[in-house]
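Enquirer: I'll drop the sequence and a predicted model, then ask my questions.
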Amino acid sequence: MKTATINDKLSLSDQLLISDIADLASSGVKTIICNRPDGEDSDQLTFTEIQAAAAQHGIIAIHQAITPGQISGEQVDAFRQAVDAADGKVHAYCRTGTRSITLWSLSEAKTGVPAATLIERAESVGYDLSGMAEKFAAANPDAPRSPTPKEYDVVIVGGGAGGISVASSLLKRTQDLSIAIVDPAEVHYYQPGWTMVGGGVFTQEQTVKSMSSLIPSGVVWIKEAVATFAPASNQVTLEDASVLQYRQLVVAPGLKLNWGAVEGLTETLGHNGVTSNYRYDLAPYTWKLVQGLKSGKAIFTQPPMPIKCAGAPQKAMYLSSDHWLKSQVLGNIDVEFCNAGAVLFGVQEYVPALMEYVKKYDATLSFNHNLVKIDGPSKTAWFEVKDAEGNTQVVEKTFDMIHVCPPQCAPDFVAQSELADANGWVDVDQTTLQHKRFNNVWSLGDVQNAPNAKTAAAARVQAPIVANNLLHELGRENWVAHYNGYGSCPLTVERGKIVLAEFGYGGKLLPSFPSWVLNGRKPTRLAWWLKEIILPPIYWKAMLRGREWMVTPVHEKG
Ligand code: FAD
């Protein structure tokens, strides 16, 4: 928790953890105000969880959720009233604390405190509210007017696998553009490593680095979240209501893990044998459960497509089963793969090799089984099951351990924007990755709607293509690069062997190596070595730094 003390009564911080509540109680806090809607981040504790923990310390919790960038006058008044009415100290929080300090500062502006004083005060406790000067002025007509929006040649939304890589690929080609990456996260995750954490191969720490260490030098990092897009006026609005003006926009905020879509899931994740490699903090729990299970029922779930790394749900099953087999307990464990889809893997060529392992581990494949509800304490899960005629019924299953892959969708702020297609994803041309209606908007990674496999491997190929094509749009490149839909999924079928699926649009196989070097349709040690030893440094040291090893775009005349 990064706390800022505002005055004797009010403090604020970024997202609280359960362990922070005791500290707040001992510092005399009697009221907690949560300014964050539930479900913004995949690892975010819900308000209900915070409220329950606060109650144990006699602290009242109030939910005043603020949609990023959309603070109303009523919300400012409600916040001020809650603080003023509270007995004892008050602690407010949101994702970074920005929404809470913004609410407070706006309420102060209404009482006549000048914008410059508010901005200075916020700065003294670590918050940059300089973009709010205009709003403060609007709340207090005597305050001075503010500067115009900050302008950049390129604004990149999201500093994940796609966002950082595209910034580096732009810098590799030209140094004279002003580039900003907007991302509120302190850290950047190597998510492909989480399967290995869940399988006891990597430590959690191997999959994370500070965001500041990865932002390329020469790029401005704006540590805020984007709230809304205004593509007609080439602007984005941030959570603190400040506005950025761009010439070119790259949209790469990833996708939303929709844990809340499965009833009861958020309440029990991380307890009662319920785990998921789709969260940094939970992947070690998978490994702990796997090591502890000696008999009983283990379920692995897969939601409807699209999901990122479509192989990850079954990778968890294979690595767990391999451990149980090697520790001679697999005979006592009933393994079941409950898949909302109708096939084991979308590209048929890889299925025979995978089926060998399904047989080896004696796993039951239950297709058209969609997890809809879970109850941790009674270790029960409910699945909507579709039959061949399309009739559905709900089937109940008990478990000792369950690995859940959550339903996935576009982030709300993207889905609600003009950039979205009917399903919420950024609507791009699948060959150029240019937006279909706004020529100066580009998208890559998980958030866009090209029908490729949503993987970091895909983003690695897409980044130099977007960089090239964006510069072509600015008249600085003569060629338009085309994306063939490449994506890759290293299926960890046992510890030490991988079936390396590499394919493009339409399931066309796109192997990186000739089959005499590495046959992706067979389990190989070489592919495991690539995943364990070679790919992490390729990610951190090549992809994120603009070294386009094996992914330099093939140019065609534009
Ligand atoms: P991300 O890397 O998720 O980054 C999105 C960034 O956007 C984040 O930094 C976030 O903070 C930021 N952001 C979010 N909202 C906002 C906002 N409002 N404003 C500004 N910034 C915002 N891929 C492979 O290639 N191989 C694998 O083996 C593999 N295995 C996987 C296993 C698991 C368990 C998981 C979870 C993923 C796996 N992947 C794998 C998939 C891969 O990690 C993703 O496809 C990849 O990270 C997508 O990159 P991205 O840039 O689109 O999104």
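Expert: Structure's in. What do you need? None of these values were measured; they are calculated from a predicted model. Numbering: from 1, shown residues only.
Enquirer: which stretches of the stretch 51-200 of the chain form strands?
Expert: Assigned by DSSP state E, counting those that start in this stretch, the stretch 51-200 of the chain shows strands spanning 60-63, 89-93, 150-157, 179-182, 187-189.
Enquirer: give me the residue from the stretch 1-150 of the chain nearest the ligand.
Expert: Pro68 (6.9 Å; C-beta to the nearest ligand atom). Bear in mind the C-beta positions are built from the backbone N, C-alpha and C, glycine included.
Enquirer: What is the neighbour count of that residue?
Expert: Using other C-beta atoms under 10 Å, Pro68 has 25 other residues around it.
Enquirer: which ones are touching it?
Expert: Arg99, Ala225, Val226, Ala227, Leu238, Glu239, Phe413 (C-beta atoms under 8 Å, 6 or more residues apart in numbering).
Enquirer: again, 7 Å this time
Expert: Taking C-beta atoms under 7 Å, 6 or more residues apart in numbering, we find Pro68 in contact with Ala225, Ala227, Glu239, Phe413.
Enquirer: near the ligand too, which of those?
Expert: Ala225, Phe413 (C-beta under 6 Å from any ligand atom).
Enquirer: Emit the ChimeraX select command for whichever of the contacts of Pro68 are buried.
Expert: One line in ChimeraX is enough to select the buried members of the contacts of Pro68, burial here meaning 16 or more other C-beta atoms under 10 Å:
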select :225,227,239,413
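Enquirer: Against Ala340, how distant is whichever residue of the stretch 101-250 of the chain sits closest to the ligand?
Expert: Going by C-beta to the nearest ligand atom, the ligand is nearest to Gly160 of the stretch 101-250 of the chain, at 1.7 Å. Look at Gly160 and Ala340: by C-beta to C-beta, to the nearest Å, they are 25 Å apart.
Enquirer: same question, Lys30
Expert: 45 Å.
Enquirer: Please say which of these two ends up with more neighbours.
Expert: A direct count of neighbours by other C-beta under 10 Å for Lys30 and Ala340 places Ala340 higher, at 22 against 17.
Enquirer: Where does the stretch 401-550 of the chain get nearest to the ligand, which residue?
Expert: Gly445 (2.1 Å).
Enquirer: List the neighbours of stretch 48-66 that are in contact with it.
Expert: 16, 18, 21-22, 24-25, 29-37, 47, 75, 78-79, 82, 94, 99.
Enquirer: low-confidence ranges in the stretch 351-500 of the chain?
Expert: Applying pLDDT under 70 to the stretch 351-500 of the chain flags no residue at all.
Enquirer: how about the residues of this protein that lie near the ligand?
Expert: Residues of the chain lying near the ligand (C-beta under 6 Å from any ligand atom): 157-163, 182-183, 185, 188, 191-192, 194-195, 225-226, 252-254, 277-278, 308-309, 312, 411, 413, 445-447, 454-457, 459, 488, 490.
Enquirer: ok, back up a step: may I ask which two of the contacts of Pro68 are separated the most?
Expert: Glu239 and Phe413 (9.4 Å; C-beta to C-beta).
Enquirer: The longest helix anywhere in the chain packs against which elements?
Expert: Counting residues, the longest helix found in the chain (DSSP state H) is helix 456-473. In terms of contacts (3 or more C-beta pairs under 7 Å, 6 or more residues apart in numbering; DSSP states H and E), helix 456-473 is packed against helix 161-173, strand 243-251, strand 441-443, strand 479-481, strand 487-494.
Enquirer: among the ones you listed, which is the most enclosed?
Expert: strand 441-443 (a mean of 27; mean count of other C-beta atoms under 10 Å).
Enquirer: who does that strand touch, helix- and strand-wise?
Expert: On a contact count with 3+ C-beta pairs under 7 Å, 6+ apart, strand 441-443 meets strand 243-251, helix 456-473.
Enquirer: what's the offset of the first one from the middle of its chain?
Expert: Centroid separation for strand 243-251 versus its chain: 21 Å, with C-alpha atoms, centre = their mean, to the nearest Å.
Enquirer: average pLDDT across the helix or strand following it?
Expert: Following strand 243-251 in sequence order, the next helix or strand is strand 256-257 (DSSP states H and E). In this model, strand 256-257 has an average pLDDT of 97.
Enquirer: for strand 256-257, packing partners?
Expert: strand 408-409.
Enquirer: Off-centre distance for the helix or strand following the strand it packs on?
Expert: Next helix or strand after strand 408-409 toward the C-terminus (DSSP H and E): helix 412-415. Here helix 412-415 is found 13 Å from its chain centre; the criterion is C-alpha atoms, centre = their mean.
Enquirer: Sort out which residues of helix 412-415 are buried, please.
Expert: Buried, per 16+ other C-beta under 10 Å, within helix 412-415: Phe413, Val414, Ala415.
Enquirer: Mind telling me what element the nearest residue to the first one once chain neighbours are set aside is part of?
Expert: Right, Phe413. The shortest distance from Phe413 to any residue other than its chain neighbours is 5.9 Å, reached at Ala227 (C-beta to C-beta, 6 or more residues apart in numbering). Using DSSP H and E, Ala227 sits in strand 226-230.
Enquirer: Within the sheet, what are the partner strands of that strand, with directions?
Expert: strand 235-238 (antiparallel) (DSSP bridges).
Enquirer: Convert the C-alpha atoms of stretch 374-384 to CSV, please.
Expert: Extracted C-alpha coordinates of stretch 374-384, given in CSV (Å, rounded to 0.1, in the frame of the first residue of the first chain):
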residue,chain,number,x,y,z
ILE,A,374,-18.7,-22.4,-8.1
ASP,A,375,-19.0,-22.9,-4.3
GLY,A,376,-15.7,-23.1,-2.6
PRO,A,377,-16.6,-24.3,0.9
SER,A,378,-18.6,-27.3,-0.5
LYS,A,379,-16.1,-27.8,-3.3
THR,A,380,-18.9,-27.9,-5.9
ALA,A,381,-18.9,-26.5,-9.5
TRP,A,382,-21.8,-26.2,-11.9
PHE,A,383,-21.5,-26.4,-15.7
GLU,A,384,-24.0,-25.5,-18.4
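Enquirer: what residues does that stretch touch?
Expert: For stretch 374-384, contacts defined as C-beta under 7 Å, 6+ apart pick out 262, 264-265, 267-268, 271-274, 299, 338, 369-373, 392, 394-400, 402.
Enquirer: same question, stretch 80-91
Expert: 9-13, 24, 28-33, 62, 64, 107.
Enquirer: which one of those sits closest to Ala116?
Expert: Ser107 (17.0 Å).
Enquirer: how about the closest one, what does it touch?
Expert: Each residue near Ser107 by C-beta under 7 Å, 6+ apart is listed here: Val76, Phe79, Arg80.
Enquirer: measure the closest residue to the second one other than its chain neighbours to Cys34 for me?
Expert: Spelled out, it's Phe79. Distance criterion C-beta to C-beta, 6+ apart; nearest residue to Phe79, sequence neighbours excluded, is Leu103 at 4.2 Å. Counting by C-beta to C-beta, the gap between Leu103 and Cys34 amounts to 12 Å.
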